[in-house]
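S.K.: for reference, the sequence and a predicted model appear below.
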Amino acid sequence: MHLDLLVSLKTVDLVCETAAMALRDTLSWGDRLLGLRRRDLWRFEGDAESESIFREKLQREVARTGVFVNTTKHQAVFQDGLLLGSGEPLNSDTLLAPSQLEGEGHWKARIWITDEGGEQERLRKPGSERIHPARLTSLKKGVLWEIRIRCESREQALSALVGMARSRSRERGLFYNPHYQEARLFSLKKEGSSDA
């Protein structure tokens, strides 16, 4: 089983604001970028008699230590890991420039960026000892970006996401360097529909 802890700032996220400005102005996404949100995502995987025991032990550990959340500046919420799922590698063979996108459909995506898989082994071992009898088998950390874009089709939206996210030069991509980071697509949905 796994649980996800989403951590966001209580105040304006200047990193997110700067990223949105860079995408709109410097990287030419202009009015195609409709919105951007950034949160830290901690993924706890483990064994316990039940999910409720696992959640209770993790909530106690998160509250006990300041490693995951600084309550002065962060707000955090646990989510069932099934809500976000495991995702798929963010990939597209076709990369469209902002000027090549068409249509007025609104798409919302969630992508998770991790450094080299996101494993936090040095935090997992002591954390696992403190949540006994539950056992923490994996602890990962990354940044969850929620991106809203305007384009016609799912294929265009996926191409746009890869174009925005994968850094290949100073003029292209912003969220991750494929040489040492990974990007997973958790969801890509047309707003107003339930289709994935």
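M.R.: Structure received. Residues are numbered from 1 along each chain as shown.

S.K.: residue closest to the middle of this protein?
M.R.: residue 144 (1.6 Å; Cα atoms, centre = their mean).

S.K.: who's in contact with that one?
M.R.: By Cβ atoms under 8 Å, 6 or more residues apart in numbering, the contact list for residue 144 reads 6, 38-41, 84, 110-112, 186. Using the backbone N, CA and C atoms, a C-beta is placed for each residue, glycine as well.

S.K.: export these as TSV, with columns for neighbour count and distance to residue 168.
M.R.: What follows is the contacts of residue 144, written out as TSV (neighbours: other Cβ atoms under 10 Å; distance: Cβ to Cβ, whole Å):
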residue	neighbour count	distance to residue 168
6	16	29
38	19	21
39	21	25
40	17	25
41	22	24
84	19	27
110	20	22
111	24	16
112	25	20
186	21	22
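
S.K.: so which of those residues are in helices?
M.R.: Using DSSP state H, residue 84 are the members of these that sit in helices.

S.K.: got the buried residues for the lengthiest helix in the chain?
M.R.: In the chain, taking DSSP H as the definition, the longest helix is helix 51-64. If you call a residue buried by 16 or more other Cβ atoms under 10 Å, then helix 51-64 has these buried ones: 54-55, 57-58, 61-62.

S.K.: same check on stretch 140-155?
M.R.: Of the residues in stretch 140-155, those buried (16+ other Cβ under 10 Å) are 140-147, 149-151.

S.K.: what's the closest of these to residue 99?
M.R.: residue 151 (11.7 Å; Cβ to Cβ).

S.K.: in the protein, what secondary structure element scores lowest on mean pLDDT?
M.R.: Lowest by mean pLDDT, DSSP states H and E among the helices and strands of the chain is helix 81-84, with a mean of 69.

S.K.: now residue 136: how far from residue 7?
M.R.: Applying Cβ to Cβ, to the nearest Å, the value for residue 136 to residue 7 is 18 Å.

S.K.: what's the answer for residue 148, then?
M.R.: To residue 7, residue 148 is 21 Å away according to Cβ to Cβ.

S.K.: now residue 104
M.R.: For residue 104 relative to residue 7 (Cβ to Cβ), the value is 34 Å.

S.K.: of these two, give the one with the bigger neighbour count.
M.R.: residue 7 (19 against 7; other Cβ atoms under 10 Å).

S.K.: can I assume that one is in contact with residue 40?
M.R.: Yes: using Cβ atoms under 8 Å, residue 7 makes contact with residue 40 at a distance of 4.2 Å.

S.K.: identify the contacts common to the two.
M.R.: In contact with both residue 7 and residue 40: no residue, using Cβ under 8 Å, 6+ apart.

S.K.: spit out the contact partners of the residue of the chain most remote from its centre.
M.R.: Centroid-distance maximum for the chain: residue 133 at 29.5 Å, with Cα atoms, centre = their mean. Contacts for residue 133 were tallied using Cβ under 8 Å, 6+ apart; they are 48-49, 53.

S.K.: mind redoing it with 10 Å?
M.R.: 47-49, 53, 57 (Cβ atoms under 10 Å, 6 or more residues apart in numbering).
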